[in-house]
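Chemist: what follows is a predicted structure for the sequence shown.
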Amino acid sequence: MEYDHKKIEEKWQKIWEDENYYHAEDPSTSLRTGKPKFYALIEFPYPSGDGLHVGHIRSNTAMDIIARKRRAEGFNVLYPIGWDAFGLPTENYALKTGIHPSIITKENTDKFRRQLKSLGFSFDWSREINTTDPKYYKWTQWIFLQLYKHNLAYKAKAFINWCPKDKIGLANEEVIDGKCERCGTAVEKKEKEQWILAITKYADRLDKDLDTVDFLSQIKVQQRNWIKNLHDWIFSRQRYWGEPIPLINCPKCGIVAVAEEDLPVELPQVENYQPTDTGESPLAAITDWVNVKCPTCDGEAKRETDTMPNWAGSSWYFLRYIDPHNDKVLASPEKLKYWMGVDWYNGGTEHITLHLLYSRFWNKFLFDIGVVPTSEPYKKRTLHGFILAPDGEKMSKSRGNIINPDEVIETFGADTLRLYEMFMGPFDQAVSWSTEGILGPRRFLEKVWRLQERVTEAESHKPLRSLIHQTIKKVSDDIEGMRFNTAVSSMMILVNAWEKEKAINKDDYQNFLLLLQPFCPHISAEIWQNLEPKTNIETESWPTFLDTLIVKEEINIVVQINGKVRSSIKTPLNLSENDVLEMAKSDPTVNKWLAGKEIKKVIFIKDRLINLVLEAQSP
């Protein structure tokens, strides 16, 4: 029986979608059944025209593993997805091609959705949101109005950072070494009236309340460093593709807020949205949209023509996921009380300053006015390292070094890709993609597939029973610590041991499948069904281990690189050369020495030493 990843993955993705497997339970149901809640969050993606590349998948896979483990542990899990779709890249592409930004956004989100579903992520797709949807940005505008009414949004003349290429005002934080962080053009100073948010009024709380949350220390340090380069937030942009600011300028009454019942103020569908050299928004030229009656005096007035920055929609998206179809309020108080705060939020290093700061500010403000139940939005925040191109550079279209996941899935399968991304190196560190490296995880899954033919009711001998319980403990602990590479390594060691056996105990093998399922959900579900046609792996509980079967004896094995001691690793006694090699390659220190190099020879002294001889370096 051959491992046909295409057939298996298509089958299970259809089952999961048709039967709504990953929809979070309504709070009333969950409270009745006694399930605790778990809110897992990733940074929602900006849907670019290039689609996903393999670097985007790392965070999604990690949080999917955690979400799947929590479901197996009996939690009611919310793991949502949506699109951060306003912003300059889409608008610039639209100006270049003549295709309207709304059409480009639709095409891009359709592509991203297909790709994410092809990877088997357990997102609750019933909660999908899009920042460019008027039903969503109605509430972005509503939040702005509350900020305005509470004197936290004001208009003032200021010298702004002006990018002459993108023709847009930039916040101080968007200028890197005097250049626009988007396009690299030298920034000029230009005086202009801008809408500004008074984030500095919250500076002390943004600093002090970091002591109340479980953020990595480096995140707290960077947050505090920014709070010390913090200025009020220049909020308005003189571009088309953004949320309209819901204010009206009246010659008689001054600035007047749009009535809440008249929200959303929708972005007009127009053909010409070229930015202007004067710094005026393109919306200013759309007279049918700009000219309105004043809500207060009914006299002639004009709409505010600046739009919001791309940070606006991402500053509160985690709240809308909780109640995405509510047209009466931002989200129901009952659902907010149940789901907030976010239990675990993972993302990249590039968003641990601005996005994190802005979203914490908005949440604190909404807490102060009684809209949300928690002062801090995120209980826990972790990081992932970049996946670099094979040449060691950051993946980008301009460099021509992007690895398309569609091609990898077609050739090797989604489960193999997911497993490789978790195995290729320490999760919090940057690591280079290797097409050759993916062959190992593929061969591992083929071994797992073949082993089902050896499953019997026969009892395992004690060393194997002990190894399965060690593996349960190791994988469980490593998932919680985001040490995914060593979790995979421990499963590989178990499978290698089973390969030497003529028969495998069914209970032990099924416990292994439960460990593998968060990493590789398709193959795990298929093998489980082969063994237990009347049950489903998705409804099974997370396996537990017996302390009495955990081997306490561990030894330190020295790891040498080209004869020099570089690290040491703890292993159980009597591991084979292959098992020790896999553990050594998973060690962060060793991994750095192996980056981009080929192992030419392995010298192994059992229970004592492993020496990796690398290829000679060219002068």
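Modeler: Nice, I can see it.
Chemist: does Val565 touch Val559 like I think?
Modeler: Yes. Contact criterion C-beta atoms under 8 Å: Val565 and Val559 qualify, at 7.4 Å. Just so you know, the C-beta spots here come from the backbone N, C-alpha and C atoms, and that holds for glycine as well.
Chemist: so which of these two has more stuff around it?
Modeler: Val559 (23 against 11; other C-beta atoms under 10 Å).
Chemist: leaving out the residues flanking it, which one is nearest to that one?
Modeler: Counting by C-beta to C-beta, 6 or more residues apart in numbering, the nearest residue to Val559 once its immediate chain neighbours are dropped is Ser567, at 4.5 Å.
Chemist: would the one you found count as being in a helix?
Modeler: No. Ser567: not assigned to a helix; according to DSSP: H, G, I helix; E, B strand; the rest coil it is strand.
Chemist: okay, now it: neighbour count?
Modeler: 17.
Chemist: who are the contact partners of it?
Modeler: By C-beta atoms under 8 Å, 6 or more residues apart in numbering, the residues touching Ser567 are 559, 584, 587, 589-590.
Chemist: for stretch 227-241, buried residues please.
Modeler: 227, 230, 232-241 (16 or more other C-beta atoms under 10 Å).
Chemist: which of the contacts of Ser567 fall in helices?
Modeler: Under the assignment DSSP state H, the contacts of Ser567 contribute 584, 589-590 to helices.
Chemist: please list only the buried members of those residues.
Modeler: Buried, going by 16+ other C-beta under 10 Å: 584, 590, out of the ones in helices among the contacts of Ser567.
Chemist: where is pLDDT lowest across the ones in helices among the contacts of Ser567?
Modeler: Across the ones in helices among the contacts of Ser567, the smallest pLDDT goes to Thr589, namely 87.
Chemist: distance check, that one against Pro426.
Modeler: 10 Å (C-beta to C-beta, to the nearest Å).
Chemist: how about low-confidence regions in the stretch 501-619 of the chain?
Modeler: The stretch 501-619 of the chain contains residues with pLDDT under 70 at 551-553, 617-619.
Chemist: and what of the chain?
Modeler: Ranges of the chain meeting pLDDT under 70: 171, 173, 551-553, 617-619.
Chemist: which stretches of the stretch 351-500 of the chain form helices?
Modeler: Assigned helices in the stretch 351-500 of the chain, in chain order: 354-368, 405-412, 414-423, 439-451, 462-480, 484-499 (criterion: DSSP state H, counting those that start in this stretch).
Chemist: residue ranges of the strands in the stretch 201-350 of the chain, please?
Modeler: 214-215, 233-234, 247-250, 254-257, 291-293, 300-303, 344-348 (DSSP state E, counting those that start in this stretch).
Chemist: tell me which of those sits most buried.
Modeler: strand 233-234 (a mean of 22; mean count of other C-beta atoms under 10 Å).
Chemist: could you spell out the sheet neighbours of that strand, each with its direction?
Modeler: strand 188-197 (antiparallel) (DSSP bridges).
Chemist: hmm, back to that, and the buried residues of stretch 227-241, which two are the farthest apart?
Modeler: Ile227 and Tyr240 (32.4 Å; C-beta to C-beta).
Chemist: just to revisit the earlier point, closest one of the ones in helices among the contacts of Ser567 to Ile603?
Modeler: Ala584 (12.0 Å).
Chemist: quick one: the closest one from Ile557, how far?
Modeler: Counting by C-beta to C-beta - Ala584 and Ile557 are separated by 8 Å.
Chemist: re the thing from before, among the buried residues of stretch 227-241, which are in helices?
Modeler: Short answer: the buried residues of stretch 227-241 in helices (DSSP H) are Ile227.
Chemist: is it possible to export the buried residues of stretch 227-241 to TSV including distance to Gly437?
Modeler: Output for the buried residues of stretch 227-241, formatted as TSV (distance: C-beta to C-beta, whole Å):
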residue	distance to Gly437
Ile227	40
Leu230	42
Asp232	47
Trp233	43
Ile234	44
Phe235	44
Ser236	47
Arg237	42
Gln238	46
Arg239	42
Tyr240	44
Trp241	39
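Chemist: what sits closest to Arg465 if chain neighbours are left out?
Modeler: Nearest to Arg465 is Leu549, by C-beta to C-beta, 6+ apart, at 5.8 Å.
Chemist: do Val270 as well
Modeler: Take Val270 and drop its neighbours on the chain: the residue closest to it by C-beta to C-beta, 6+ apart is Ile286, 5.7 Å away.
Chemist: burial of the one you found, as a residue count?
Modeler: 17.
Chemist: test my guess that it contacts Pro268.
Modeler: Yes. The criterion here is C-beta under 8 Å, and Ile286 meets it with Pro268 at 5.5 Å.
Chemist: if you tally nearby residues, what's the number for the residue lying closest to Gln274 once chain neighbours are set aside?
Modeler: Nearest residue to Gln274, sequence neighbours excluded (C-beta to C-beta, 6+ apart): Pro282, at 6.1 Å. For Pro282, the neighbour count with other C-beta under 10 Å is 20.
Chemist: go on, Ile555?
Modeler: Neighbours around Ile555, by other C-beta under 10 Å: 14.
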